[in-house]
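> just to be clear, the model below is a prediction. Sequence and coordinates:
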Amino acid sequence: MRSSGLRVPTIFRAFANQSGGFEMVGFQVKDIYNAIEKQRRAGASDTDNALKYLQMLKRRDPCMFWKYSLDEQRRLHNIFWCDGASQYDFNVFGDVMGFDATYGRNKYKCPLVIFSGVDHHMRTVVFGCAVLSKEGEESYVWLLRAFLEAMKGKAPKSVITDGDQAMKSAIKAVFPEAHHRLYSWHLLRNATARVGIPRFMTKFRLCLMGDLEVDDFEDIWNDAVEEFGLQQNSWVKDMYEKKHMWSNAHIRGKFFAGLKTTSRCEALNMQIGKFIHNGYNLREFIEHFQQYLEFMRRRLVVADYKSAYGEPVVKTRLEELERFAAAVYTREVFVLFREVLLLASNVRIVSSKKTSTCTLFEVAMYCQGRSWNVSWGEIDDEFRCSCLRMESFGIPCVHIVGVLVRLNMVVIPGSLILGRWTKKAKQPPINNHVFSGEIPDAAYMSMHAAMLDDCRELVKLSCSNFEDYFEVKTKIANERDALREKIRKRLATTAEGGGDDASIHDPPRARHKGCGRHVVTTRGRYRRVQRCRKCGKAGHNARRCATGNGDDTTHELDAFGSLHNMDESQEAEASQQMEYNDLSF
């Protein structure tokens, strides 16, 4: 029950239900906690058990990869792992990657970093996972290099983060060619905290997500800065210098697969919370995280089935193009493309001009004065539009579709079909030497079901006679022992991370910026710091706050007196927490 993710009170209620009441169980809830803790302390350290579990996973998946680092006391510092399915997913969908850090998913309170992306069903796919001792540039550089090693040296083209400076420096050092984008949700939150003017927020949101040209962005931004007198605001000046990392006008043309906010990362963390509890040790965390990955991949198999079978109802007048798109794209991407087809009737071809290399079309929308330029190369059947939506998202824009209708085309040219959005995106190539040892998830399910079906009939036939039973049982035992020995020899030659027999100590409890208002006492325990509800600082309450009564001297004396009664470690943690409060995003 524990390995299935049930909490201890739920386990106790299950025993009571089976036994006929709580008084019939024969033990208390405390006994379950004691048994779990005894199992944790038995044998090797938690880190050693986690590494042994990863070696056990390698029996099923020869492409299983993990890497870890130690500190001076041989305590686990960082660990990263990913299985063969995640490596294959990155090989197909790794052009865009986002990663974010979350906290409280293990008993060591170490930051959890998950690398994720978007697959051909517009669903979140996980590329790898890591547990870090602290959030620093050195740790992120080590993590990204380990990720690059696991992915056979392939780097993502675009990376999306929350703007953490350590992440930014690490990405620049390890992925220098990648386009780095900041999450929109964090920028809006920072704008509210640093500026807090509602009318400025409206214009900032337009600069952030609006379909603007570079000149339009500059005009709106300059007008907003001058109107609200933000010329000397440090955050506003810093954001303007980083405009190429968040503004749609400057990012247009770089492929990000539609990722703009942390909603996928937040949803991923919420789903992980259903499988992983805060009190899990490292070994239990890895085990339940892999169970969560299997749960995700089962849903992707269902999505593949729904896209492969059945045809959607035709809703547009462009029936041939719609049917062709339904046969090529997955169901989720086709729904997005059908919206483009519905808008194609509003496209007007203003003029056309034929050159020696291509044909240029000037395209405009109905009742709009703005126009776009679409070029068509007849030799290679290549289309390009000045709006750059095809390059940004991978689906033909409405301007190109309008030209396709003008040219009376009934199929989408190959230059406009991005392979990652098609139904055949995850079909392995014929000569797949990179992931030769990997067993895809759907193939494993098929093999497992086929073997169970054969064994079910074998058991039924052999148990009808004693001689047949003993003969079949002996053969099965011999085949099992031979296969175990074969797998053991394979693991002995391909196991990674081994070669050091010395025990590895468990990581210490981490202290990071996401811990909130807790501080660590001299005994190593966490204690909540009392803060003023008016100014947010520690050491006093609202009645003694200088912000409310205007007495700065009383405020300083009270704060000094409160901090003076703390020990050195508490004073350092409280001071550090005050700095985090002043530098909040």
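Arrived safely, thanks for sending.
> how does this protein divide up, domain by domain?
8-41, 184-256, 320-421, 442-494, 516-582 (automatic domain parsing).
> can you tell me the average pLDDT over the fourth one?
So that's domain 442-494. Average pLDDT, domain 442-494: 80.
> which residues touch the residue nearest the centre of the chain?
By Cα atoms, centre = their mean, the chain has its centre lying nearest to Ser116, at 3.0 Å. By Cβ atoms under 8 Å, 6 or more residues apart in numbering, Ser116 lies in contact with 97-99, 124-127, 264-265, 268. Yep, even glycine has a C-beta here, placed from its N, CA and C like the rest.
> redo that, cut-off 6 Å
Residues near Ser116 by Cβ atoms under 6 Å, 6 or more residues apart in numbering: 98, 124, 126.
> cool, and Thr359?
Shown in contact with Thr359 (Cβ under 6 Å, 6+ apart): Trp376.
> kindly recompute the last result at 10 Å.
By Cβ atoms under 10 Å, 6 or more residues apart in numbering, the residues touching Thr359 are 352-353, 374-378, 403, 407.
> so where's the stretch 201-350 of the chain shaky on pLDDT?
260-267, 269-270 (pLDDT under 70).
> so which residues of it form helices?
214-227, 234-241, 248-251, 263-273, 282-308, 319-328, 331-343 (DSSP state H, counting those that start in this stretch).
> contacts for the shortest one?
Which is helix 248-251. 158, 179, 181-182, 184, 206-218, 220-221, 242-245, 260, 388, 392.
> nearest spatial neighbour of Gly136, chain-adjacent residues omitted?
Residue nearest to Gly136 in three dimensions, not counting chain neighbours: Ala166, with 5.6 Å by Cβ to Cβ, 6 or more residues apart in numbering.
> and what of Lys67?
Once flanking residues are discounted, Lys67 sits nearest to Ala146: 4.5 Å by Cβ to Cβ, 6+ apart.
> that older thread, which of the domains of the chain sits closest to Ile286?
Counting by Cβ to Cβ, Ile286 lies closest to domain 8-41 out of those; the figure is 14.1 Å.
> check the gap between Thr359 and Ser234 for me.
Remark: distance between Thr359 and Ser234 (Cβ to Cβ, to the nearest Å) = 50 Å.
> kindly report the same for Cys110.
Separation of Cys110 from Ser234 (Cβ to Cβ): 32 Å.
> out of the two, which sits in the busier spot?
Shown here are Cys110 and Ser234; by other Cβ atoms under 10 Å, Cys110 has more neighbours (28 against 9).
> list just the nearest of the contacts of Ser116 to Val195.
Using Cβ to Cβ, the contacts of Ser116 come closest to Val195 at Gly98, 25.8 Å.
> can you give me how far stretch 107-114 is from the chain middle?
Relative to its chain's centre, stretch 107-114 lies at 14 Å (Cα atoms, centre = their mean, to the nearest Å).
> what does the average pLDDT come to for it?
For stretch 107-114, mean pLDDT is 82.
> same thing with stretch 81-99?
Mean predicted lDDT for stretch 81-99 stands at 90.
> phi and psi next, for Thr355.
phi -110, psi -180 (degrees, to the nearest 10).
> same thing with Ile79?
Main-chain dihedrals, Ile79, degrees, to the nearest 10: phi -150, psi 140.
> burial of it, as a residue count?
By the criterion of other Cβ under 10 Å, Ile79 has 27 neighbours.
> quick check: the residue sitting furthest away from the middle of the chain vs Ile476, distance?
Centroid-distance maximum for the chain: Glu467 at 55.8 Å, with Cα atoms, centre = their mean. Separation of Glu467 from Ile476 (Cβ to Cβ): 15 Å.
> do Tyr305 as well
Applying Cβ to Cβ, the value for Tyr305 to Ile476 is 33 Å.
> now do Ile11
34 Å.
> longest helix anywhere in this protein?
helix 466-494 (DSSP state H).
> and that helix, how far out from the chain's middle?
40 Å.
> show me what it is packed against.
The contact analysis (3 or more Cβ pairs under 10 Å, 6 or more residues apart in numbering; DSSP states H and E) places helix 466-494 against helix 46-60, helix 441-462.
> buried sites along that helix?
Buried residues in helix 466-494, counted by 16 or more other Cβ atoms under 10 Å: Val472.
> next, the angle from it to helix 46-60.
On the basis of axes from the mean of the first three to the mean of the last three Cα atoms, to 10 degrees, helix 466-494 is oriented at 120 degrees to helix 46-60.
> same question for Cys110, what's its three-state structure.
Under the three-state scheme (DSSP: H, G, I helix; E, B strand; the rest coil), Cys110 adopts coil.
> surely it meets Pro507?
Yes: in this structure, Cys110 is within contact of Pro507 by Cβ atoms under 10 Å, at 6.0 Å.
> give me the common contacts of those two.
Shared contacts of Cys110 and Pro507, defined by Cβ under 10 Å, 6+ apart, are found at 76-79, 131-133, 282.
> for those residues, give me TSV that also has distance to Arg194 and secondary structure.
As requested, these are exported to TSV (distance: Cβ to Cβ, whole Å; DSSP: H, G, I helix; E, B strand; the rest coil):
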residue	distance to Arg194	secondary structure
Leu76	38	strand
His77	34	strand
Asn78	32	strand
Ile79	36	strand
Val131	32	strand
Leu132	28	strand
Ser133	30	coil
Leu282	38	helix
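> can you lay out those residues as CSV showing distance to Met151?
Formatted as CSV, those follow (distance: Cβ to Cβ, whole Å):
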residue, distance to Met151
Leu76, 23
His77, 22
Asn78, 17
Ile79, 17
Val131, 19
Leu132, 19
Ser133, 23
Leu282, 23
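> just the buried ones from those residues, in PyMOL syntax?
Per 16+ other Cβ under 10 Å, the buried members of these correspond to this PyMOL selection:
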select buried, resi 76+77+78+79+131+132+133+282
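> give the contact list for Ile79.
47, 50-51, 54, 66-70, 110, 129-133, 143, 146, 282, 286, 497, 504, 507.
> buried ones from those residues, can you make that a PyMOL selection?
Listed next is the PyMOL selection for buried residues among those, using 16+ other Cβ under 10 Å:
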select buried, resi 47+50+51+54+66+67+68+70+110+129+130+131+132+133+143+146+282+286+504+507
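> count of residues packed around Trp81?
25.
> beta partners of it?
Legend: beta-bridge partners of Trp81 under DSSP bridges are Trp66, Cys129.
> isn't it right up against Gln55?
No: using Cβ under 10 Å, Trp81 is not in contact with Gln55; the gap is 11.2 Å.
> for stretch 402-416, buried residues please.
Neighbour-count burial for stretch 402-416 flags 402-406, 409, 412-413, 416 (criterion: 16+ other Cβ under 10 Å).
> which of those residues fall in helices?
Short answer: those in helices (DSSP H) are 402-406.
> okay, the residues you listed in a markdown table with distance to Tyr292 and pLDDT next?
What follows is those, written out as a markdown table (distance: Cβ to Cβ, whole Å; pLDDT from 0 to 100):
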| residue | distance to Tyr292 | pLDDT |
| --- | --- | --- |
| Gly402 | 44 | 92 |
| Val403 | 45 | 92 |
| Leu404 | 42 | 92 |
| Val405 | 45 | 91 |
| Arg406 | 49 | 90 |
